[in-house]
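Chemist: Turn this into a structure:
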Amino acid sequence: MKSQPPSKRSNMLDFSKLLDDNHTNDTCCHKNEEVQQSLPYTVRATKKGGVPCVVESRKHHKVVVLSNVEGDTAALLSVLQKKLGAGGVCKGKSIEVHGEHHLEKIKNFCLNSGCVVGASKQNKAAAAVVTQKKNKTSVDKGKNEASTKTKPSIDVTKPLTSKEVKAMKPTELKDHLSARQLSTQGNKKELISRLLECSQNS
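Modeler: Okay, the predicted model is just below:
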């Protein structure tokens with residue numbers, strides 16, 4: 001019994017699936033290109049897929065030089081200046097930013113913003129991790145500052161000894177006086193005297 005040749009319908013379905021797969025791959029490959037096209041500038045990556053960014057010495061200071069910039073160089077410089085709070089100049093297809101300590105910040109910004117053409121996945125992933133850690137640190141710092149600013153409640157019914165009062169800082173003295181609805185005006189000596197008098201009378 002002879003085998004039946006594949007039907008035209010089957011061939012058309014396989015061809016349609018192949019087109020869909022190619023379309024999905026093209027979408028993934030061109031995703032970064034779309035981001036780059038939306039920016040007025042791009043940076044051509046090094047052969048190893050890194051950001052062409054190095055520290056160079058000038059007459060009285062050091063600068064970070066970002067090379068291979070294409071498009072609106074002035075626009076990229078403006079963004080970096082606002083991001084870093086530093087001065088800089090455009091020189092052809094390069095940008096110089098004052099301060100060698102900005103090197104890693106510039107690299108991470110370029111990789112995370114998607115303006116680097118030909119950047120390796122490894123470098124992109126490393127920059128993303130650094131940014132995530134930085135954001136987490138900022139959040140944790142904000143929480144710690146908020147908890148530090150929260151003043152502990154003061155028990156006004158608890159008597160204070162002369163030694164405890166004299167060991168307090170001016171801010172602590174004022175907190176205790178405010179809790180007892182007393183004036184916080186005057187120097188440290190006057191604050192101590194006022195708090196001791198109140199504590200002895202209570």
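Chemist: give the contact list for R194.
Modeler: Going by C-beta atoms under 8 Å, 6 or more residues apart in numbering, R194 touches 177, 182-183, 186. Any C-beta I mention is one placed from the backbone N, CA and C, and that applies to glycine too.
Chemist: for Q122, that is, sorry about that
Modeler: So Q122 contacts G49 (C-beta under 8 Å, 6+ apart).
Chemist: Can you say which helix or strand has it in it?
Modeler: Using DSSP states H and E, Q122 sits within helix 121-149.
Chemist: Rounded mean pLDDT for that helix, please.
Modeler: Throughout helix 121-149, pLDDT has a mean value of 73.
Chemist: any idea where the strands of this structure begin and end?
Modeler: Remark: strands assigned in the chain by DSSP state E are 41-44, 53-57, 62-66, 69-71, 88-91, 94-98, 116-117.
Chemist: got the ones you listed as CSV, with mean neighbour count columns?
Modeler: CSV is the format used below for these (neighbours: other C-beta atoms under 10 Å):
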stretch, mean neighbour count
strand 41-44, 21
strand 53-57, 13
strand 62-66, 21
strand 69-71, 18
strand 88-91, 15
strand 94-98, 19
strand 116-117, 21
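Chemist: could you dump those to JSON lines with distance to F109?
Modeler: Output for the strands of the chain, formatted as JSON lines (distance: least, C-beta to C-beta, whole Å):
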{"stretch": "strand 41-44", "distance to F109": "10"}
{"stretch": "strand 53-57", "distance to F109": "10"}
{"stretch": "strand 62-66", "distance to F109": "10"}
{"stretch": "strand 69-71", "distance to F109": "13"}
{"stretch": "strand 88-91", "distance to F109": "13"}
{"stretch": "strand 94-98", "distance to F109": "11"}
{"stretch": "strand 116-117", "distance to F109": "10"}
